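K.L.:
Give me a model of this one.
(one chain, ligands or ions: 2)
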Amino acid sequence: MSDKLIIFDTTLRDGEQSPGASMTKDEKVRIAKSLERMQVDVIEAGFPIASVGDFESVQAVANTVTESRICGLARALDNDIDRAGEALKGANASRIHTFIATSPIHMEMKLRMNPDQVIENAVKAVKRARRYTDDVEFSPEDAGRSEPEFLYRILEAVIDAGATTLNIPDTVGYNLPHQFGQLIYNLRENIPNSDKVIFSVHCHNDLGLAVANSLSAVLNGARQVECTINGLGERAGNAAIEEVVMAVRTRQDMFSCDTNIDTTQILAASRLVSGITGFAVQPNKAIVGANAFAHESGIHQDGVLKNRETYEIMRAEDVGWNANRMVMGKHSGRNAFKDRLKQLGTEFETEADLNEVFRKFKELADKKHDIFDEDLQALVSDTVTLDNERIRLTSLRVCSETGETPVASVTLCIDDEEKQIEIAGSGPVDAALRAIEELVQSKTELQLYSVNNITSGTDSQGEVNVRLEKAGRIVSGQGSDTDIVIASAKAYINALNKILVPVDRAHPQV
Ligand code: KIV
Ligand code: ZN
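P.N.:
Numbering: from 1, shown residues only. Ligands and ions are numbered 1, 2, ... in the order given. Next comes the predicted model:
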């Protein structure tokens with residue numbers, strides 16, 4: 001049995017399936033580069049048949065990343081597989097991941113196929129995928145609720161057809177750790193050709209057990225875990241990469257395998273994904289939450305000061321906390337700025353792009369004495385423009401005074417036409433967002449508005465997240481500025497620019 005545990009990251013595919021977490025091509029490439037820096041083995045870059053945008057994103061990731069294997073998802077359908085094969089052409093190392101549901105309820109109600117038809121489709125799909133790459137992963141969707149005997153049959157058949165990885169999903173997060181571990185053990189024992197493949201697991205977190213189930217599977221012979229940064233994913237999400245990796249690394253006394261992950265990159269990746277998607281990380285989240293290594297109580301602090309191992313099982317710096325934390329300021333030069341951003345995972349395609357962000361950095365440094373990594377990441381996110389940006393903020397003025405109703409005066413450029421309005425609101429943010437809505441007439445519903453300080457201190461930038469809904473579609477928008485009213489306007493406009501572009505996108509599991 002191999003002592004290497006393969007880490008397969010699906011932030012860009014399953015992670016993006018979480019409502020409001022959709023990402024642009026450029027954002028996906030930035031995240032992919034950060035995963036590559038973390039030494040993730042396989043990056044599932046998307047579901048190429050879903051839309052032209054999804055296809056181009058997978059293609060862009062495949063053409064950019066060289067150190068990780070790039071994977072594309074495909075249902076067990078000819079067109080899906082051909083599209084995935086096409087998107088992955090430029091990859092140094094590619095994988096096609098094809099799947100079909102195997103639980104009685106999915107076969108009957110969703111696919112309307114009998115078990116023999118499901119096997120036939122699975123075998124055909126794997127054979128077709130092998131025309132494009134010799135690395136083919138097969139998943140029996142909803143394996144956690146499938147009949148074991150049927151799994152033995154279909155998995156034996158797809159191995160014969162050329163599958164090299166068998167991924168066992170607990171699609172609806174129903175399994176318990178001992179049960180899921182036993183399932184992996186039974187599959188390995190009962191499938192005659194099981195020694196020819198790597199067993200992988202893909203656990204959802206509906207009962208909060210995704211990481212526990214994944215680890216139980218590893219103890220029973222799984223040698224690939226599918227996971228996402230911060231546990232992003234459908235509904236309650238997937239297994240969190242940072243938790244899986246650190247559990248295996250910290251408890252080497254229990255595991256006979258380890259990952260290749262450079263754990264010092266974990267925090268940067270977590271922040272990048274949270275910044276891009278607007279999905280905040282809760283303070284008490286393991287490994288990457290703000291409190292994960294904070295010791296509040298006096299007794300704990302005393303113990304940690306005497307010997308850190310009294311209360312710490314991991315070192316904060318091993319997952320990127322405080323590592324090379326560099327503070328920049330108004331005297332920092334362009335090269336230092338460029339270097340730091342490179343370490344944080346951002347490289348610029350053109351000198352003009354670099355110059356634009358550097359100009360904004362200087363502007364920020366005039367307002368704020370110390371510029372931290374979080375500020376730099378927010379600056380980059382704020383500077384990246386969307387492909388179809390219809391609305392731009394030209395100017396914003398807000399009057400707010402005790403005893404008076406706040407009034408916002410907003411000028412927007414909408415489809416190259418300048419429009420201006422003045423509107424009152426219950427507060428300065430309310431007035432600004434109402435003014436924007438009045439000009440745009442998007443008729444969207446604001447589902448979420450949140451503001452957080454990016455760093456500490458009253459001169460910190462505020463980072464605003466908004467989530468908008470229209471006809472069942474949810475998008476999120478982010479904006480940052482030292483002025484939180486401007487940050488709010490930027491975030492709202494960012495979300496509007498996303499929701500105003502119609503998308504025709506297939507969901508892989510519907
Ligand atoms: O949860 C799931 O079953 C999936 C499959 C496509 C692997 O995401
Ligand atoms: Zn999934």
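K.L.:
Next secondary structure element downstream of the helix or strand of the chain with the lowest mean pLDDT?
P.N.:
Least confident helix or strand, the chain: helix 298-306 with a mean of 68, by mean pLDDT, DSSP states H and E. Using DSSP states H and E, the helix or strand that follows helix 298-306 in sequence is helix 334-343.
K.L.:
Can you give me the buried ones in that next one?
P.N.:
337-338, 340-341 (16 or more other C-beta atoms under 10 Å). Where C-beta positions appear, they are placed from N, C-alpha and C, glycine not excepted.
K.L.:
With stretch 120-139 instead?
P.N.:
121-130, 132-133, 135-139.
K.L.:
for stretch 361-374, same thing?
P.N.:
Per 16+ other C-beta under 10 Å, stretch 361-374 contains these buried residues: 361, 364-365, 368, 371-374.
K.L.:
Next: stretch 488-501.
P.N.:
The neighbour-count check on stretch 488-501 (16+ other C-beta under 10 Å) flags 488-500 as buried.
K.L.:
With only the CA atoms kept, save it in CSV.
P.N.:
Coordinates of the C-alpha atoms in stretch 488-501 are reproduced here as CSV (Å, rounded to 0.1, in the frame of the first residue of the first chain):
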residue,chain,number,x,y,z
SER,A,488,-20.1,49.0,0.2
ALA,A,489,-20.8,50.7,-3.2
LYS,A,490,-17.9,48.8,-4.8
ALA,A,491,-19.2,45.4,-3.5
TYR,A,492,-22.8,46.1,-4.6
ILE,A,493,-21.7,47.2,-8.1
ASN,A,494,-19.4,44.1,-8.3
ALA,A,495,-22.4,41.8,-7.5
LEU,A,496,-24.6,43.8,-10.0
ASN,A,497,-22.1,43.4,-12.7
LYS,A,498,-22.1,39.6,-12.2
ILE,A,499,-25.9,39.2,-12.0
LEU,A,500,-26.6,41.4,-15.0
VAL,A,501,-24.7,39.0,-17.3
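K.L.:
Looking at the buried residues of stretch 361-374, which one is closest to residue 254?
P.N.:
Distance to residue 254 across the buried residues of stretch 361-374 (C-beta to C-beta) is lowest for residue 373, with 33.6 Å.
K.L.:
pretty sure residue 322 contacts residue 316?
P.N.:
Yes. Contact criterion C-beta atoms under 8 Å: residue 322 and residue 316 qualify, at 6.2 Å.
K.L.:
The two: who's more crowded?
P.N.:
residue 316 (16 against 10; other C-beta atoms under 10 Å).
K.L.:
Can you classify the closest residue in space to that one that isn't next to it in sequence by secondary structure?
P.N.:
In this structure, residue 316 finds its nearest non-sequential neighbour in residue 293, 4.0 Å apart by C-beta to C-beta, 6 or more residues apart in numbering. Classification of residue 293 by DSSP: H, G, I helix; E, B strand; the rest coil places it in coil.
K.L.:
measure residue 293 to residue 245 for me?
P.N.:
Remark: distance between residue 293 and residue 245 (C-beta to C-beta, to the nearest Å) = 16 Å.
K.L.:
More neighbours: which of these two?
P.N.:
Set residue 293 next to residue 245 and count neighbours by other C-beta under 10 Å: residue 245 wins out with 25 against 18.
K.L.:
Just the buried positions in the helix or strand where the more buried one lies, please.
P.N.:
Here residue 245 sits within helix 241-250, counting by DSSP H and E. By neighbour count with 16+ other C-beta under 10 Å, helix 241-250 contains the buried residues 241-249.
K.L.:
what's the answer for stretch 421-430, then?
P.N.:
Judged by neighbour count (16+ other C-beta under 10 Å), stretch 421-430 contains these buried residues: 423, 425, 428-430.
K.L.:
Can you pull the residues of this structure lying near ligand 1?
P.N.:
14, 99, 139, 141, 169, 171, 202, 204, 508-509 (C-beta under 6 Å from any ligand atom).
K.L.:
quick one: which of the residues you listed has the most company?
P.N.:
That'd be residue 202 among these, by other C-beta under 10 Å, with 31 neighbours.
K.L.:
which residue ranges form the strands in the stretch 401-510 of the chain?
P.N.:
Along the stretch 401-510 of the chain, counting by DSSP state E, counting those that start in this stretch, strands occupy 407-414, 417-424, 445-453, 462-470, 473-481.
K.L.:
Give the partner strands of the fourth one in its sheet and their orientations.
P.N.:
When pairing is defined by DSSP bridges, strand 462-470 lines up against strand 445-453 (antiparallel), strand 473-481 (antiparallel).
K.L.:
where in this protein is pLDDT low?
P.N.:
295-301, 303-304, 323-326 (pLDDT under 70).
K.L.:
Report the contact partners of the residue nearest to the spatial centre of it.
P.N.:
The geometric centre of the chain, computed from its C-alpha atoms, lies nearest to residue 11 (C-alpha atoms, centre = their mean), at 3.6 Å. By C-beta atoms under 8 Å, 6 or more residues apart in numbering, the residues touching residue 11 are 31, 35, 228-229, 232, 241, 273.
K.L.:
at 7 Å instead, please
P.N.:
Neighbouring residues of residue 11 by C-beta atoms under 7 Å, 6 or more residues apart in numbering: 31, 228-229, 232, 273.
K.L.:
what number of residues lie near the closest residue to it other than its chain neighbours?
P.N.:
Leaving aside its sequence neighbours, residue 11 sits nearest to residue 228 (C-beta to C-beta, 6+ apart; 4.3 Å). Residue 228 has 28 neighbours, counted by other C-beta under 10 Å.
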